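J.: Got a predicted model here, sequence first, then my questions.
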Amino acid sequence: MTSTGRGIGRSSVVAGLLLLVAGAVVGWMQWRGPAVEVARAEEAPIVHAIVVSGRVQAPNRIEIGSVITGRVVGVRVVEGDRVEAGQPLIDLDAQELRAGVAQAQAAESTARTRVASVGELALPQSTDALAQAEAQLRFAEADVQRQRALRDKGFISDARLDDSERLVALARSQVESARTQRRAQGAGGVAAREATVRLREAVAARELAEAKLAQTVIRASVPGTVLVRSVEPGDIVTSARRLLVVASRGETRLTAQIDEKNLPWLREGSRAIASSDAFPGEKFDAVLYYVSPGVDTSRGSVEARFRVDSPPPYLRADMTVSIDIEVARKDRARVIPAAAVREAEGGATVQRLDGGRLATVPVTLGIRGGAKVEVLSGLEAGDTVVLTRGLKDGSRVRVR
């Protein structure tokens with residue numbers, strides 16, 4: 001045999017050996033099964049959080065105007081100023097109304113003098129007049145008795161006696177008139193009541209004049225921030241014109257629409273971490289305080305509101321924010337990757353790896369937290385679950 005023939009023979013032997021080795025390797029690999037991704041059930045903390053997008057709730061906007069017509073003489077604030085309740089904002093011309101207050105005060109003083117006059121002057125005078133009339137009546141009655149005795153003795157005529165009796169009747173009439181005057185001047189009398197009514201009218205007129213004068217200074221009704229100023233000194237304002245817009249100051253709140261499927265997890269008092277889209281690196285705390293009792297049927301969501309006790313200074317009304325709501329937490333739970341769970345109408349299952357082969361086992365799930373899920377029953381800590389899908393039970397597999 002030539003050297004060339006011997007070389008070809010050795011090459012054939014080597015090729016056959018390689019094919020044999022390759023076949024053995026392939027057979028061994030097939031016997032071991034396909035490579036799969038696995039994870040172990042482990043004891044670890046887990047947090048269930050719902051992440052939603054929301055907005056900073058706009059505060060109440062108070063439109064400030066004038067209730068009277070007048071000329072503006074001063075505006076004390078500009079846009080952006082923070083104001084307190086009762087703080088003067090706009091001054092109107094008050095000269096005419098000040099004169100009206102002075103006139104009303106003078107009328108009130110006159111009415112008070114009249115009340116005092118009734119009690120201190122008219123009443124004593126009417127009392128004295130009554131006493132004088134009663135004394136005059138007693139004198140006239142005594143005189144008519146004397147005149148009657150003289151007539152009976154024949155010393156005077158009947159005409160003289162008639163004159164005396166007319167004087168008695170006149171005295172009695174004067175007494176009744178004096179008594180009427182005395183009653184009128186008393187505490188419950190007509191004159192006293194009239195003077196009291198006049199005083200009340202004067203007091204009401206003075207209070208009305210002062211109220212109108214007070215309206216020449218327009219004040220803030222609530223603490224807040226001036227958003228819009230649409231008035232300048234010299235303007236003539238009426239009750240129909242808006243002069244300022246103030247955003248009321250209060251606690252900062254967030255509002256968000258949350259998918260209705262998360263309703264079982266939403267609880268008032270749940271804590272949340274929020275951040276604005278404009279400042280994603282800045283986090284701040286929020287608390288869920290309201291969940292709407294109704295569902296928005298067009299979006300399948302419910303409205304939730306959050307209170308921010310310490311808002312960052314950069315927050316603005318209607319700013320978009322991301323809200324991470326912590327709805328459940330366990331510091332020690334049996335967890336596996338959520339990718340290992342197969343869910344169907346009959347419940348949740350996982351494929352567990354036992355002795356290199358697959359076995360489907362039912363599991364009861366608890367808290368879901370991102371890529372992890374809590375297993376309440378069906379697995380023990382340390383069990384290996386398969387993440388790869390599409391494999392039959394009983395198949396032999398190997399860990400990738």
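T.: Thanks, I have it. Residues are numbered from 1 along each chain as shown.
J.: and residue 70, how many neighbours does it have?
T.: When neighbours are defined as other CB atoms under 10 Å, residue 70 has 22 of them. No exception for glycine: its C-beta is placed from N, CA and C like everyone else's.
J.: likewise residue 338?
T.: As a burial measure, residue 338 scores 15 neighbours (other CB under 10 Å).
J.: Over to the nearest residue to it once chain neighbours are set aside. Which of the three states is it?
T.: The shortest distance from residue 338 to any non-neighbouring residue, by CB to CB, 6 or more residues apart in numbering, is to residue 373 (4.7 Å). Following DSSP: H, G, I helix; E, B strand; the rest coil, residue 373 is assigned to strand.
J.: Show me the strands in the stretch 201-350 of the chain, by range?
T.: For the stretch 201-350 of the chain, the strands defined by DSSP state E, counting those that start in this stretch cover 217-219, 224-229, 236-237, 242-248, 252-259, 271-276, 284-291, 301-308, 320-337, 342-344, 347-354.
J.: partners of the first one, with directions?
T.: Just to be clear, that refers to strand 217-219. strand 88-92 (antiparallel) (DSSP bridges).
J.: Look up how far residue 59 lies from the residue nearest to the spatial centre of the chain.
T.: The centre of the chain sits closest to residue 250, judged by CA atoms, centre = their mean, with a distance of 8.0 Å. Noted for residue 250: a distance of 6 Å to residue 59, by CB to CB, to the nearest Å.
J.: what residues are up against the residue nearest to the centre of the chain?
T.: 59-60 (CB atoms under 8 Å, 6 or more residues apart in numbering).
J.: residues in contact with stretch 64-76?
T.: Residues outside stretch 64-76 that contact it (CB under 8 Å, 6+ apart) are 88-93, 212, 215-216, 218, 220-221, 229, 231-246.
J.: just stretch 288-298 next, same as before
T.: Identification of contacts with stretch 288-298 by CB under 8 Å, 6+ apart yields 257, 260, 263, 266-272, 301-307, 325.
J.: What residues sit buried inside it?
T.: For stretch 288-298, the neighbour count (16 or more other CB atoms under 10 Å) marks residue 288 as buried.
J.: Restricting the selection to alpha carbons, write the strand or helix carrying residue 47 to PDB.
T.: Residue 47 belongs to strand 42-56 when assigned by DSSP states H and E. Only the C-alpha atoms of strand 42-56 are listed here, as PDB (Å, rounded to 0.1, in the frame of the first residue of the first chain):
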ATOM      1  CA  GLU A  42     -36.900  32.200  49.200                       C
ATOM      2  CA  GLU A  43     -37.800  34.100  52.300                       C
ATOM      3  CA  ALA A  44     -37.600  37.800  51.600                       C
ATOM      4  CA  PRO A  45     -39.500  41.100  52.200                       C
ATOM      5  CA  ILE A  46     -42.100  42.100  49.600                       C
ATOM      6  CA  VAL A  47     -44.000  45.300  49.000                       C
ATOM      7  CA  HIS A  48     -47.100  45.600  46.800                       C
ATOM      8  CA  ALA A  49     -47.200  49.000  45.200                       C
ATOM      9  CA  ILE A  50     -49.500  50.600  42.600                       C
ATOM     10  CA  VAL A  51     -47.900  53.100  40.400                       C
ATOM     11  CA  VAL A  52     -50.200  55.700  38.800                       C
ATOM     12  CA  SER A  53     -49.900  59.000  37.100                       C
ATOM     13  CA  GLY A  54     -51.700  62.000  38.600                       C
ATOM     14  CA  ARG A  55     -51.800  65.800  38.900                       C
ATOM     15  CA  VAL A  56     -51.400  68.400  41.600                       C
END
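J.: Given the helix or strand following it, what are its sheet partners and their directions?
T.: Counting by DSSP H and E, the next helix or strand C-terminal to strand 42-56 is strand 61-65. If you go by DSSP bridges, strand 61-65 pairs up with strand 242-248 (antiparallel).
J.: picking that back up, for the residue nearest to residue 338, what are its contacts?
T.: Contacts of residue 373 (CB under 8 Å, 6+ apart): 46, 335-338, 341, 365-367.
J.: just the helices in the chain please.
T.: Remark: helices assigned in the chain by DSSP state H are 3-32, 95-117, 123-152, 158-185, 190-214.
J.: Lowest average pLDDT across these?
T.: Of all the helices of the chain, helix 3-32 carries the lowest average pLDDT, namely a mean of 53.
J.: Got the phi and psi for the closest residue to residue 303 other than its chain neighbours?
T.: Excluding its sequence neighbours, the residue lying closest to residue 303 (CB to CB, 6+ apart) is residue 292, at 4.1 Å. Main-chain torsions, residue 292, degrees, to the nearest 10: phi -60, psi 140.
J.: pLDDT at residue 292, what is it?
T.: For residue 292, pLDDT reads 91.
J.: can I assume residue 55 is in contact with residue 318?
T.: Yes. Using CB atoms under 8 Å, residue 55 is in contact with residue 318, at 5.6 Å.
J.: So which of those two has more stuff around it?
T.: Higher neighbour count among residue 55 and residue 318: residue 55, with 17 against 8, using other CB under 10 Å.
J.: one step back: switch the contacts of residue 373 over to TSV; also include pLDDT.
T.: TSV is the format used below for the contacts of residue 373 (pLDDT from 0 to 100):
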residue	pLDDT
46	87
335	90
336	89
337	91
338	87
341	89
365	88
366	86
367	84
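J.: so how far is stretch 343-353 off the chain centroid?
T.: Here stretch 343-353 is found 48 Å from its chain centre; the criterion is CA atoms, centre = their mean, to the nearest Å.
J.: let me fix that: stretch 141-149
T.: For stretch 141-149, the gap between its own C-alpha mean and the chain's C-alpha mean amounts to 91 Å (CA atoms, centre = their mean).
J.: ok, residue 98 - contacts?
T.: Residue 98 neighbours (CB under 8 Å, 6+ apart): residue 213.
J.: beta partners for residue 225?
T.: Residues in beta-bridge contact with residue 225 (DSSP bridges): residue 82, residue 247.
J.: Does it touch residue 316 like I think?
T.: No. Assessed by CB under 8 Å, residue 225 is found out of contact with residue 316, at 11.1 Å.
J.: neighbour count winner among the two?
T.: Remark: of residue 225 and residue 316, residue 225 carries more neighbours, 16 against 10, as counted by other CB under 10 Å.
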